[in-house]
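> build me a structure from this.
(chains A, B, C, D, E and F)
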Number of protein chains: 4
Amino acid sequence: MQSRSPASRTGRPRSAAADAAILAATREALVDLGWSKLTLGDVATRAGVAKTTLYRRWAGKHELVVDAVAELFDALELPDRGSLAADIEGVVLQFAAILALPEAKSGLMAVVAEATRDDALRERVRASVVDRQKRLVLEGRARAQARGELPPEPDPGAAARTADLIFDMVAGAVVHRTLVSGQPVDEEWVRGFTQVLLRGLTAQSTRPAAG
Amino acid sequence: MQSRSPASRTGRPRSAAADAAILAATREALVDLGWSKLTLGDVATRAGVAKTTLYRRWAGKHELVVDAVAELFDALELPDRGSLAADIEGVVLQFAAILALPEAKSGLMAVVAEATRDDALRERVRASVVDRQKRLVLEGRARAQARGELPPEPDPGAAARTADLIFDMVAGAVVHRTLVSGQPVDEEWVRGFTQVLLRGLTAQSTRPAAG
Amino acid sequence: MQSRSPASRTGRPRSAAADAAILAATREALVDLGWSKLTLGDVATRAGVAKTTLYRRWAGKHELVVDAVAELFDALELPDRGSLAADIEGVVLQFAAILALPEAKSGLMAVVAEATRDDALRERVRASVVDRQKRLVLEGRARAQARGELPPEPDPGAAARTADLIFDMVAGAVVHRTLVSGQPVDEEWVRGFTQVLLRGLTAQSTRPAAG
Amino acid sequence: MQSRSPASRTGRPRSAAADAAILAATREALVDLGWSKLTLGDVATRAGVAKTTLYRRWAGKHELVVDAVAELFDALELPDRGSLAADIEGVVLQFAAILALPEAKSGLMAVVAEATRDDALRERVRASVVDRQKRLVLEGRARAQARGELPPEPDPGAAARTADLIFDMVAGAVVHRTLVSGQPVDEEWVRGFTQVLLRGLTAQSTRPAAG
DNA sequence: TCGTAAGCGAGACGGTACGTCTGGTCTTGCA
DNA sequence: TGCAAGACCAGACGTACCGTCTCGCTTACGA
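Numbers count the residues shown, from 1 in each chain, chains lettered A, B, ... in the order given. Below is the predicted model:
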């Protein structure tokens, strides 16, 4: 989350409660105000904490919001629903539900926007959000392979590339549908999306138009 | 772009050159500073224009940037490359190239982030960017249908839904790959993505696991 | 008071009312809070003015307070009371009355303290307060010479040195009595002080112990 | 200097060295930074002491500086130079030399300024600085009376009043000359000042203009 | 051709948030 | 219990932008 000189053994230790209070206050402020009107002074007030305490732990608004939002995605699970299609539909609906939270959507996109110019921030987003949730793809694929729904991967490189592609397609489509198109991710849409995705991944190599 | 009381016939007319200068200055500032450090005062200075002039035409930073960025996407074309796959690959590469421009990515995502809390802004984004480029999907599909690569649509409702789905999947995947994953949209990735998408759209209804 | 690029003819002119309001608010805040608890934000609020407006005109707390306090001393007058002694007693009492004002004493000493490390500030104090009031000494001496109470000055250098000495003795004694000793400058004290001063200035050169 | 519960017999005793180190560090910081930029955190660091230790002994910046500065004036002496005039000249020059020290002038005036609103502080200044040095006036007068340069005092009340007046005149004039007028207290000025003062004190009651 | 209404650049205005700094207090672990 | 270290709350600092408002001037239309 945030680091600290490892050699500091002396002095008063940092309050663990403050961290949690600040992150919760950040999410609360995102709900009430949205990203652009969220101020660190207000977050500090909501958390019952001095601004200095906040700045001691986070370098700025971006870093704080990444951490506050990243926690939300840890709620994602991949329960075994019996088939790959059902597993995908389930996790996509969960993902969409989180994305629909006001504390998630405003902050997440703003941080992504800022990350386009700030490598450290992009790395933080990738580590805290993207890579942390990529587990869902890997887990889902392994389960589908065990069920025989997907063939085993020929080589690790291709496996990683495919996993990345799937993640970009799933996350990208849901995010775009929700935030850019402004349409709901309902069961009907999810069914259509999952169908296209799964067929694309499992169909025989009868590349149609090129065939 | 921006409206003006229609009854104003008298008085000095607004400078047409100012509009273009402001939008160009906005893009220039996006390149130099990124969204978050871009200030309207700075844009006005770069455009050689007073702040008043800028505010007379745009309501704020968001609206200005939407207009400045939207123009960039008008460069997208859909030349006939002989097959649907080739057409898709071509337009995806063009789209990725525009998204890679610093003046596009930072501003676009920031505006999308802001639009999550501002309906008028979301509408503006949709009208200026999304709907304006959805023509590419419609045009590409019509062409593929003429070539016999895709079957004709059974009913208009389904046609519209599928077009939306395709747009969300294409735009979403490219945006996610570029801005969130921070990976390049190169020819290899585009080929893999197009394959999955096309197979998903054209494969017979052998929904594998659910079958 | 504060200067501004003389060539600026364009743009909105500075509000003259703001200057007066700020100086009055400063004196009011000095009364209520004293120097050390006076904040520029509070002064701005009292004056109904934005902090920026205040900082556009004064570089900091010190400069502002010098100007606010200096105005108080402009009320000093030297009415002709018939004799040098009476004139001195009158002006000393006036001076003591101003020094007893809470808006004067706290700010004045603090600024003098700060001026010990800041040449520009010392110069400002000298110009705004000291030199502006030295007129009283010169006027009083001229009047006394016209009455024949004091001999004419032999040469201008000595005249200036004596004027400076008188000013330091009068102002210093009153300030010290008021602020350091914390005793009132009442009529009895003024009579004693004036007697010593006048005898010192007019007695024959019978330097007693050295004689 | 500062008190401590007399009943505290248990626990670790306070470091006597810490007191001296803190006062010395305070003077050092006054030289380097002046009053307004002096911070207690910095003083603590210079003294190699924790802020807690410092606050256990002094209530705040004001009290600390009073004590740090007051020690400087203990160096004043009144060697017998043979005549009252010479004695005065000697002590005035010593006093001016101390006032010229950067650690003295900035802190002293600031504390006086603050004392205008803080009775406890004024009392502390009077006790630590003013009354402690008033001995010089009393001693000098006694010596002059022994020499026959001054008549014995008729009654104790008048004696005290005159001593106060002399102290205010001497200290006030030197302080004003040094800090407000910003002129050096050199031998020439001291000679002139002493002459006026002594004549004022010893001349016959030929109040000139009133006579 | 001339009046007039709106546009224009400049820059001051009242606000608000920034990120930093200091003042004093409190909480650790060691001596 | 004292001490060094350093985190804590509170709040002022001086700066930067915001979006609005005067200014004095310019420009095009229409009478």
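> and chain A, what are its domain boundaries?
Per automatic domain parsing, the structural domains of chain A span A:16-57, A:69-202.
> tell me the pLDDT at the residue nearest to the spatial centre of chain A?
Centroid-nearest residue in chain A: residue A:129, 4.2 Å away (criterion: C-alpha atoms, centre = their mean). Predicted confidence (pLDDT) for residue A:129: 92.
> measure the closest residue to residue A:28 other than its chain neighbours to residue D:51 for me?
Leaving aside its sequence neighbours, residue A:28 sits nearest to residue A:46 (C-beta to C-beta, 6 or more residues apart in numbering or on different chains; 6.0 Å). Placement of C-beta: from N, CA and C, glycine included. Note on residue A:46: its distance to residue D:51, by C-beta to C-beta, to the nearest Å, is 29 Å.
> need the three-state assignment for residue A:183.
What DSSP: H, G, I helix; E, B strand; the rest coil gives for residue A:183 is coil.
> from residue B:116, how far out is it?
The gap separating residue A:183 from residue B:116 is 13 Å, by C-beta to C-beta.
> ok, the two, which is more surrounded?
Each of residue A:183 and residue B:116 has its neighbours counted (other C-beta atoms under 10 Å in any protein chain shown); residue B:116 has more, 25 against 14.
> surely the more buried one and residue A:31 touch.
No: using C-beta atoms under 8 Å, residue B:116 is not in contact with residue A:31; the gap is 11.7 Å.
> what do those two both touch?
Counting by C-beta atoms under 8 Å, 6 or more residues apart in numbering or on different chains, the residues touching both residue B:116 and residue A:31 are residue A:102.
> how about the host helix or strand of residue A:168: buried residues?
Secondary structure from DSSP states H and E places residue A:168 in helix A:156-175. Residues of helix A:156-175 classed as buried by neighbour count (16 or more other C-beta atoms under 10 Å in any protein chain shown): A:161-175.
> now stretch A:52-62
By neighbour count on 16+ other C-beta under 10 Å, the buried set for stretch A:52-62 is A:53, A:54, A:57, A:58, A:61, A:62.
> any chance of these in JSON lines, plus pLDDT?
Shown next, in JSON lines, are these (pLDDT from 0 to 100):
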{"residue": "A:53", "pLDDT": "97"}
{"residue": "A:54", "pLDDT": "98"}
{"residue": "A:57", "pLDDT": "97"}
{"residue": "A:58", "pLDDT": "97"}
{"residue": "A:61", "pLDDT": "96"}
{"residue": "A:62", "pLDDT": "96"}
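> ok, of the residues you listed, which one's closest to residue D:120?
residue A:53 (33.1 Å; C-beta to C-beta).
> not counting sequence-adjacent ones, nearest residue to that closest one?
Of all residues not flanking residue A:53 in the chain, residue A:18 sits nearest, at 5.7 Å (C-beta to C-beta, 6+ apart).
> tell me the SS of the one you found?
Relying on three-state DSSP, one would call residue A:18 helix.
> next helix or strand past the helix holding residue A:168?
Following helix A:156-175 in sequence, per DSSP H and E, is helix A:187-202.
> in chain A, what residue comes closest to chain C?
residue A:41 (14.4 Å; C-beta to the nearest C-beta).
> any weak-confidence spans in chain A?
Chain A contains residues with pLDDT under 70 at A:1-8, A:204-211.
> which residue ranges of it form helices?
In chain A, the helices defined using DSSP state H lie at A:16-33, A:40-47, A:51-57, A:61-73, A:84-99, A:102-115, A:119-125, A:131-147, A:156-175, A:187-202.
> out of these, deepest packed?
Of all the helices of chain A, helix A:102-115 carries the top mean neighbour count, a mean of 25, counting by mean count of other C-beta atoms under 10 Å in any protein chain shown.
> hmm, that one in reach of DNA strand E?
No: for helix A:102-115 and DNA strand E, the contact criterion (C-beta under 7 Å from any atom of the strand) is not met; the two come no nearer than 11.4 Å.
> tally of neighbours for residue A:36?
16.
> skip the chain neighbours and tell me the closest residue to it.
Leaving aside its sequence neighbours, residue A:36 sits nearest to residue B:114 (C-beta to C-beta, 6+ apart; 5.9 Å).
> for that neighbour, what are its contacts?
Counted by C-beta under 8 Å, 6+ apart, residue B:114 has contacts A:34, A:35, A:36, A:106, A:110, B:62, B:121.
> hmm, the fourth one is touching residue A:32, no?
So the one you mean is residue A:106. No: taking contacts as C-beta under 8 Å, residue A:106 lies outside contact range of residue A:32: 10.9 Å.
> residue D:51 versus the residue in chain A that chain D sits nearest to, what's the distance?
Residue of chain A nearest chain D, by C-beta to the nearest C-beta: residue A:11 (10.0 Å). Using C-beta to C-beta, we find residue A:11 at a distance of 12 Å from residue D:51.
> same deal with residue A:199?
69 Å.
> now do residue A:26
Distance, residue A:26 to residue D:51, using C-beta to C-beta: 31 Å.
> who are the contact partners of the closest residue to residue A:170 other than its chain neighbours?
Residue nearest to residue A:170 in three dimensions, not counting chain neighbours: residue A:92, with 6.4 Å by C-beta to C-beta, 6+ apart. Counting by C-beta under 8 Å, 6+ apart, residue A:92 touches A:170, A:174, A:185, A:190, A:193, A:194.
> distance to DNA strand F added to these, as a markdown table?
As requested, the contacts of residue A:92 are exported to a markdown table (distance: C-beta to the nearest atom of the strand, whole Å):
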| residue | distance to DNA strand F |
| --- | --- |
| A:170 | 36 |
| A:174 | 31 |
| A:185 | 31 |
| A:190 | 38 |
| A:193 | 37 |
| A:194 | 42 |
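> of those residues, closest to residue D:147?
Within the contacts of residue A:92, proximity to residue D:147 (C-beta to C-beta) peaks at residue A:174, which comes in at 102.9 Å.
> residue A:9: neighbour count?
Residues near residue A:9, counting by other C-beta under 10 Å: 7.
> circling back to that earlier point, other residues contacting the helix holding residue A:168?
For helix A:156-175, the surrounding residues in contact (C-beta under 8 Å, 6+ apart) are A:88, A:92, A:95-96, A:99, A:130, A:133-134, A:137-138, A:141, A:153, A:185, A:193, A:197, A:201, B:165, B:168-169, B:171-177, B:180-181, B:183, B:189, B:192-193, B:196.
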